[in-house]
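[1] Here's a sequence, model it:
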Amino acid sequence: MLAMPADVSMPDQVERLVDAAVSGLGGLDIVVCNAAVHGPKGPLHEVDWAEWARTIEINLLGTVLLCRAAVAQYRPQGHGKIILLSGGGATKPRPNLSAYAASKAAVVRLGETLAEEVRGFGIDVNAVAPGTLATRLLDDLLAAGPDRVGRAEFEQALRHKMEGGSPMERGTSLCVFLASRKATASREG
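    Predicted coordinates for the structure are as follows:
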């Protein structure tokens, strides 16, 4: 097994990560862009600007950097898969989570645009919104409390936490399918 920590918002670390994967695994066929933070919580005009910008660096620019590095590997080999985790920020307005929502909506548009750019190179790009999963991001909302994330967001997070959130298998099964040759065959056939 190969594991390596990296800050996806840092170009040199992303390059090292991809280089390590290529050398350690003998190539690169699938990239899943899943790094994300909620960032600052509260009304846009009140949140810390540096935290807001840092959220965009991680969620959006980190995804862009990893996609650039993956496409550089995939084009010469004539195939590859990129799976982007878009999250709930892309599906509806998220008051008090503006950096997260904006970054995740941008990730979806990035995926759509990149898919068109690489269409003729055997590269598949998909975005997945698996629903509210019982992860650290859910715990992060609950820890922030209703005063910072809003009563409705907090109560929805609490409900998801008590019910276990969306089944993890739903998102993972979709990602596994999108990474498979079967997904490529269904697109071609």
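[2] Excluding residues flanking it in the chain, which one is nearest residue 118?
    If the residues on either side of it in the chain are set aside, residue 118 comes closest to residue 71, at 6.1 Å by C-beta to C-beta, 6 or more residues apart in numbering. The way it works is simple: take the backbone N, C-alpha and C, and place the C-beta from them, glycine included.
[3] helices and strands around the helix or strand harbouring that neighbour, which ones?
    Residue 71 is part of helix 62-77, with elements assigned from DSSP states H and E. Contact here means 3 or more C-beta pairs under 8 Å, 6 or more residues apart in numbering; DSSP states H and E; on that basis helix 62-77 packs against helix 11-25, strand 30-33, strand 80-85, helix 98-117, strand 123-128.
[4] ok, 7 Å please
    Judged by 3 or more C-beta pairs under 7 Å, 6 or more residues apart in numbering; DSSP states H and E, helix 62-77 is in contact with helix 11-25, strand 30-33, strand 80-85, helix 98-117.
[5] Out of those, which gets nearest to residue 41?
    The closest of the helices and strands packed on helix 62-77 to residue 41 is helix 98-117. By C-beta to C-beta, the value is 8.8 Å.
[6] where does the chain have its least confident helix or strand?
    Taking mean pLDDT, DSSP states H and E as the measure, the chain has helix 181-188 as its least confident helix or strand, at a mean of 73.
[7] So, low pLDDT: which residues of this structure?
    For the chain, the stretches with pLDDT under 70 are 185-189.
[8] Go again with 80.
    Of all residues in the chain, those with pLDDT under 80 make up the ranges 1, 87-89, 131-134, 165-168, 185-189.
[9] hmm, back to that, could the helices and strands packed on helix 62-77 go into CSV alongside distance to residue 130 and mean neighbour count?
    What follows is those, written out as CSV (distance: least, C-beta to C-beta, whole Å; neighbours: other C-beta atoms under 10 Å):
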stretch, distance to residue 130, mean neighbour count
helix 11-25, 23, 15
strand 30-33, 12, 20
strand 80-85, 7, 23
helix 98-117, 12, 20
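[10] In TSV: those, plus distance to residue 180.
    Output for the helices and strands packed on helix 62-77, formatted as TSV (distance: least, C-beta to C-beta, whole Å):
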stretch	distance to residue 180
helix 11-25	17
strand 30-33	9
strand 80-85	9
helix 98-117	17
